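Participant: Got a sequence here, can you build the structure:
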Amino acid sequence: MRVTGSCKVCGEEAQSRCSGCFSVAYCGIEHQKSDWAAHKPACSKPYTVKENEKVGRYMVATRSLAPGDIILREKAALVGPSLEQSKPICLGCSAALMKTWHLCTTCQAPLCSKNCEKHPAHADECQILKKNTGAMYSYFTNGTLQKKKHHPENANYQAILPVRALLLKKLDIKKYKAVLALQSHRKEREEMGKTEIVKEKVIPIVQLYKIQEAHEDMLQNLCGIFDTNCFELCPSGAGDTLSGIFPSAAMMMHSCYKNTRLTFSDDHVLTIIARTNIKKGEAIYHTYARTFNTTTIRRIGLFSGKHFGCECVRCKDPTELKSFASAVICRCGGTVIPNDPLDLTQDAVWKCQECSLTLPSLQIASQERDQMMDLNNIQRDDIRGLEDFLSRHKKHLHPNHASLIEVKKHLSVGYGRFQGYTFDKLSIEKLKKKVIYCKEVLDSVAILEPGISTQKGLTLYELWIGEVELAERSKSEENINEDEYKEVLSNAFKYLEESAQILRYEPENSIHGRLSLDIDVKLQAEKLKLSKLK
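Facilitator: Just a heads-up that it's a prediction; the model follows:
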């Protein structure tokens, strides 16, 4: 995070902030220490945790917060491969294990190299895993232990988070207790059959390591805690997403219309910042759902994964805050939206706003599921596949439909970057589409993710790239004169400038943080370029 403030003591530029309240900045540790006596009485967290019967525990702002204000910074209590299914990764540094790998000489765990045998993430668990070097590659069939080849693709990654959680009791009892204090939704998981999967896939493997606390109740509770509370991490160089437990951050209430932004550093530190203005006493919201999913898909995912039915301001609105992210097109050309988006009963209907047509809600839900499966089967660098999805679905989906915007988001990045579509091969038609798609994504983001949204920063950057490339081509083909060229570049520079401002909140040791540094370099180069044109 490279957003600066002014030192409370001397007024000089400062990046360091009080870790208790985050409301004051200091240029260095000396000025922070010298000011502590004066600052201590006013130092308090910008949030408190409340509780009610309907939503359980939730965060509330204790003072008014502006966009960019830090609410919480927390190191993960626990990080590991996903419980559900992980690609082959190193249990030390999380690097992908594709063509080469190394099996730990002590416990046979999959690693990228011998160096990672001593990696902090693996060193402690190694002492547990070495008790049964074959368990990592074993499975049970009808109660009979079966063994597989010691290969990363056969590794039981689903056992790692539970093992690491049990290790916390010895390594950090405070974190261990904080993790166990989180909700597990055991009853709801039993009703959905999830506990049976844990009983079959997780418990028998973890118990092969003879850990004293690894009884069934404990492991079911832990897996419920992971399922309900994990955040998804994407560290630089990781071969797959990781799951992280942040006990304090888990107190945030969910809303599909969030007022926060989360950043994650490569060393698994989460920072929560205000994305919009948050008044004192207002709830602090995060979302566990994807912005560019329809209401039905979001709510079903939240119910099955997090065990609650979302009734946020976006979900309750048939128009989704006038974004029409779930709307379809009627045969008359009108917009079809649900009478009640929370109703998925047999009698629930969607109605055209122009004619009398009604459609069963369950029919729309089925179509949305098929669209999602269709989209999930397309690789994000498959430009032709994405374009084909657009051409097939744009006839019956609203132009702002979440699935179409999701595809346009990927195409806006792919045009100019992906193989076969780099700028030296990209047609003028597709270049213009890149610019159009960027603007359409930004229009949706302005409604669904207002404020200093990460997606806004990323899309503004792509828009700047597209506008500049268009200007360069137009100039070389003499389609615009020098004054028009300067005007286009000057207007495009505003996109780059705003993108830089938004992405400076990202930690430097992260994927987006490194992009932010690169954008700042481009920003200075573009300033110099524009100054020479004047």
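Participant: which strands and helices sit next to the helix or strand where Asp35 lies?
Facilitator: Using DSSP states H and E, Asp35 sits in helix 29-39. When contacts are defined as 3 or more C-beta pairs under 8 Å, 6 or more residues apart in numbering; DSSP states H and E, helix 29-39 packs onto no helix or strand at all. The C-beta positions use only the backbone N, C-alpha and C, and glycine is treated the same way.
Participant: Pull it out as CSV, backbone CA atoms only.
Facilitator: The C-alpha trace of helix 29-39 is given here as CSV (Å, rounded to 0.1, in the frame of the first residue of the first chain):
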residue,chain,number,x,y,z
ILE,A,29,9.1,5.0,14.6
GLU,A,30,10.7,7.8,16.6
HIS,A,31,7.9,10.3,15.9
GLN,A,32,5.3,7.5,16.6
LYS,A,33,6.9,6.8,20.0
SER,A,34,7.2,10.5,20.9
ASP,A,35,3.5,11.0,20.1
TRP,A,36,2.2,7.9,21.9
ALA,A,37,1.3,9.6,25.2
ALA,A,38,-0.8,12.2,23.4
HIS,A,39,-2.3,9.8,20.9
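Participant: Report the buried residues of that helix.
Facilitator: 31-32, 35, 39 (16 or more other C-beta atoms under 10 Å).
Participant: From the contact counts, what lies against whichever helix or strand comes after that helix?
Facilitator: Note on helix 29-39: by DSSP H and E, the next helix or strand toward the C-terminus is strand 47-52. Other elements packing on strand 47-52 under the criterion 3+ C-beta pairs under 8 Å, 6+ apart are strand 56-61.
Participant: The helix or strand following the strand it packs on - what's its average pLDDT?
Facilitator: Counting by DSSP H and E, the next helix or strand C-terminal to strand 56-61 is strand 70-75. Strand 70-75 comes out with an average pLDDT of 96.
Participant: now strand 70-75: how far from the chain's centre is it?
Facilitator: 16 Å (C-alpha atoms, centre = their mean, to the nearest Å).
Participant: go on, stretch 47-65?
Facilitator: With C-alpha atoms, centre = their mean, you get 22 Å for stretch 47-65.
Participant: With only the CA atoms kept, save it in CSV.
Facilitator: Listed next in CSV are the C-alpha coordinates belonging to stretch 47-65 (Å, rounded to 0.1, in the frame of the first residue of the first chain):
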residue,chain,number,x,y,z
TYR,A,47,-14.9,-0.8,14.2
THR,A,48,-16.6,-2.8,16.9
VAL,A,49,-18.2,-6.2,16.8
LYS,A,50,-21.9,-6.5,17.6
GLU,A,51,-24.3,-9.5,17.6
ASN,A,52,-27.9,-10.2,16.9
GLU,A,53,-30.0,-13.4,16.4
LYS,A,54,-30.5,-13.0,12.7
VAL,A,55,-27.0,-12.5,11.4
GLY,A,56,-24.8,-13.4,14.4
ARG,A,57,-21.7,-11.3,14.9
TYR,A,58,-21.0,-8.4,12.6
MET,A,59,-18.8,-5.3,12.3
VAL,A,60,-19.9,-1.8,12.8
ALA,A,61,-18.0,1.5,12.1
THR,A,62,-17.1,3.4,15.3
ARG,A,63,-16.3,6.5,13.4
SER,A,64,-17.1,7.9,9.9
LEU,A,65,-14.8,6.4,7.3
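Participant: Show me the beta-bridge partners of the residue positioned nearest the centre of the chain.
Facilitator: Against the mean C-alpha coordinate of the chain, by C-alpha atoms, centre = their mean, the closest residue is Glu232 at 6.1 Å. Per DSSP bridges, the residues bridged to Glu232 are Ser243.
Participant: Model confidence for it, exactly?
Facilitator: Confidence for Glu232, expressed as pLDDT, is 94.
Participant: likewise Phe324?
Facilitator: 98.
Participant: now swap in Leu470 and tell me
Facilitator: 97.
Participant: Please name the nearest non-neighbouring residue to it.
Facilitator: Leu431 (5.9 Å; C-beta to C-beta, 6 or more residues apart in numbering).
Participant: Surely that neighbour forms part of a strand?
Facilitator: No: per DSSP: H, G, I helix; E, B strand; the rest coil, Leu431 lies outside any strand segment and is helix.
Participant: Name the SS class of Glu196, please.
Facilitator: helix.
Participant: possible to save the buried residues of helix 29-39 as TSV with distance to Phe292?
Facilitator: Shown next, in TSV, are those (distance: C-beta to C-beta, whole Å):
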residue	distance to Phe292
His31	44
Gln32	42
Asp35	45
His39	42
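Participant: with these in mind, which one is nearest to Asn132?
Facilitator: Minimum distance to Asn132 across the buried residues of helix 29-39 is 49.0 Å, recorded for Gln32 (C-beta to C-beta).
Participant: So that closest one is in contact with Ala14, correct?
Facilitator: No: counting by C-beta atoms under 8 Å, Ala14 is not a contact partner of Gln32; they are 9.4 Å apart.
Participant: List the contacts of the residue nearest to Leu470.
Facilitator: Applying C-beta atoms under 8 Å, 6 or more residues apart in numbering to Leu431 gives the contacts 415-416, 423, 466, 469-470, 473.
Participant: Now these in JSON lines, please, with extra columns for distance to Ile89, secondary structure and neighbour count.
Facilitator: Listed next are the contacts of Leu431 as JSON lines, based on distance: C-beta to C-beta, whole Å; DSSP: H, G, I helix; E, B strand; the rest coil; neighbours: other C-beta atoms under 10 Å:
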{"residue": "Tyr415", "distance to Ile89": "30", "secondary structure": "coil", "neighbour count": "26"}
{"residue": "Gly416", "distance to Ile89": "30", "secondary structure": "strand", "neighbour count": "19"}
{"residue": "Phe423", "distance to Ile89": "33", "secondary structure": "coil", "neighbour count": "15"}
{"residue": "Gly466", "distance to Ile89": "34", "secondary structure": "helix", "neighbour count": "26"}
{"residue": "Glu469", "distance to Ile89": "36", "secondary structure": "helix", "neighbour count": "19"}
{"residue": "Leu470", "distance to Ile89": "40", "secondary structure": "helix", "neighbour count": "19"}
{"residue": "Arg473", "distance to Ile89": "42", "secondary structure": "helix", "neighbour count": "15"}
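Participant: from those residues, which single one is nearest Ala95?
Facilitator: Gly416 (28.0 Å).
Participant: how close does that closest one sit to Ile173?
Facilitator: 52 Å (C-beta to C-beta, to the nearest Å).
Participant: now Arg73
Facilitator: 22 Å.
Participant: So between these two, which is more surrounded?
Facilitator: In terms of neighbours (other C-beta atoms under 10 Å), Arg73 is the more surrounded of Arg73 and Ile173; the figures are 19 against 10.
Participant: any idea which helix or strand carries Leu145?
Facilitator: Counting by DSSP H and E, Leu145 is part of strand 144-147.
Participant: With Gly11 instead?
Facilitator: Applying DSSP H and E, one finds Gly11 in no helix or strand.
Participant: just Val336 next, same as before
Facilitator: Going by DSSP H and E, Val336 is part of strand 335-338.
Participant: List the neighbouring strands of that strand plus their orientation.
Facilitator: Sheet pairing for strand 335-338, using DSSP bridges, gives strand 328-329 (antiparallel), strand 349-352 (antiparallel).
Participant: Out of those strands, flag the one nearest Cys438.
Facilitator: Of all these, strand 328-329 comes closest under C-beta to C-beta, at 23.3 Å.
Participant: Show residues contacting the closest one.
Facilitator: 335-336, 350, 359, 364, 367, 395-398, 401.
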